[in-house]
Structures are given as structure tokens and as C-alpha cells.
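Q: just coords:
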């Protein structure tokens with residue numbers, strides 16, 4: 001039997017406050033927040049309002065509704081990288097990027113469980129926007145683009161989550177996390 005851990009809306013508010021404090025302590029402010037559908041949207045929306053920056057969404061479904069697959073948003077990758085369109089008349093230039101045009105973004109999800117969602121984003125963005133510029137991409141992650149979650153699974157293969165509120169270790173203790181926007185939570189409180 002799997003143990004269940006229920007988070008409340010008060011927990012979500014505490015998480016948003018804690019992540020905001022961490023951002024301010026780092027003196028780092030994103031130009032916009034990217035909320036991962038579905039679980040990351042409530043947290044991303046609240047963060048967006050609290051720190052006063054716009055929010056966009058990114059649909060990365062790796063297991064739900066597999067027919068739809070993840071959504072690739074190349075414009076976000078270009079913002080993060082500082083991609084500058086090449087002048088069509090300048091055939092000598094293969095690509096251009098300018099570190100000064102990079103946009104900072106905070107990618108937010110409810111949990112970093114296995115790390116597959118965040119890893120997919122990194123691979124998708126790097127392969128779709130100037131993939132030969134690996135060195136430059138290495139300077140994007142954790143500088144221009146940072147990751148935040150309400151809950152971080154310590155046994156996740158993705159360890160680049162910079163901002164978080166709660167930790168679990170699913171390898172140590174099997175636990176199913178239930179967030180207040182999920183139907184199971186709503187059924188449990190009735």
C-alpha cells in the first residue's frame with residue numbers, strides 16, 4: 001500500500017512564499033515564469049502575481065494523454081539563448097546569438113519526480129535552437145533558465161532544481177503526493 005501525503009492550499013501558499021524568498025535572496029528575478037501544465041500552473045500563477053512578472057504555459061505531458069505528446073515552444077528556447085535572427089542578405093552568418101538579449105525565465109512544476117519533464121525541456125530546447133552551440137547552452141542553464149518546484153524528489157535524476165519548498169525521497173519511502181487541485185484531494189475532503 002502506497003502512503004499518501006496530502007498538500008493543502010495553505011501548503012501551496014507557503015511554497016510560493018518560500019520560493020519567492022529564495023528568489024529575492026539570490027537577487028534573481030525572471031523576465032517571465034513558465035508554468036508546466038497541469039500541476040505547475042497554480043504555483044506559477046501565484047508566483048507571477050506575487051513577484052509581478054508575466055506567466056506563460058508549456059504543455060509537457062510525458063505520460064498523460066500520450067497521443068498529444070509534449071509541446072515544443074521554440075520561442076522560449078530562443079528567448080533563453082538570446083537567439084537573434086540572421087539577416088537573410090548576410091549569407092556568411094550561420095547563426096547569431098547575443099547574451100545581452102537573453103530573457104531570464106523560471107520554469108515551475110508541482111513536483112520534480114523522476115526529472116523527465118525538466119530533462120525533456122532541456123533536450124528539446126537545445127536540439128531546436130542552435131544545437132551546435134553546446135558551450136553557450138551550458139551557460140544558459142541555472143543562469144538564464146532556472147527550475148522551481150513545490151516538491152522535489154531527492155532521488156530524481158534531475159538535480160538542477162534551484163528553488164523548492166518540500167523534499168521527499170521516493171526511493172527511501174514510497175509516497176503518493178496529492179495536491180489540492182487534484183480530484184483525489186477533493187474526494188478525500190468531502
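A: Received, thanks. It should be emphasised that the depicted structure is a prediction, and the values quoted were computed from it without experimental measurement. Residues are numbered from 1 along each chain as shown.

Q: can you pull the contacts of the residue nearest the centre of the chain?
A: Taking C-alpha atoms, centre = their mean, the centroid of the chain lies closest to residue 107, which sits 2.6 Å from it. By C-beta atoms under 8 Å, 6 or more residues apart in numbering, residue 107 lies in contact with 33-34, 36, 40, 58, 118, 121, 145-148. Glycine gets a C-beta too; all of them are placed from N, C-alpha and C.

Q: how about the helices of this structure, start to end?
A: Assigned helices in the chain, in chain order: 9-26, 40-51, 74-81, 116-128, 134-140, 183-189 (criterion: DSSP state H).

Q: quick one: contacts of the second one?
A: So that's helix 40-51. Residues contacting helix 40-51 (C-beta under 8 Å, 6+ apart): 12-13, 15-17, 19-20, 23, 29-30, 33-36, 54-55, 57, 106-110, 148-150, 179, 181.

Q: how big is the angle separating that helix from helix 9-26?
A: 50 degrees (axes from the mean of the first three to the mean of the last three C-alpha atoms, to 10 degrees).

Q: Mind checking the pLDDT average for helix 40-51?
A: In this model, helix 40-51 has an average pLDDT of 98.

Q: Name the member of the contacts of residue 107 with the most neighbours.
A: Counting neighbours by other C-beta atoms under 10 Å, residue 148 comes out on top of the contacts of residue 107 with 29 neighbours.

Q: That one pairs with what?
A: residue 108, residue 163 (DSSP bridges).

Q: Low-confidence stretches in this structure?
A: Scanning the chain for pLDDT under 70 picks out the ranges 1, 64-69, 86-96, 185-190.

Q: swap the cut-off to 80 and go again
A: 1-2, 62-72, 84-99, 130, 133, 183-190 (pLDDT under 80).

Q: so, if you compare the contacts of residue 107, which one comes nearest to residue 136?
A: Proximity of the contacts of residue 107 to residue 136 (C-beta to C-beta) peaks at residue 145, which lies at 12.6 Å.

Q: can you pull the contacts of the closest residue to that closest one other than its chain neighbours?
A: In space, and not counting its chain neighbours, residue 145 is closest to residue 80: 4.9 Å by C-beta to C-beta, 6 or more residues apart in numbering. Contact partners of residue 80, counting by C-beta under 8 Å, 6+ apart, are 102-103, 105, 125, 140, 144-145.
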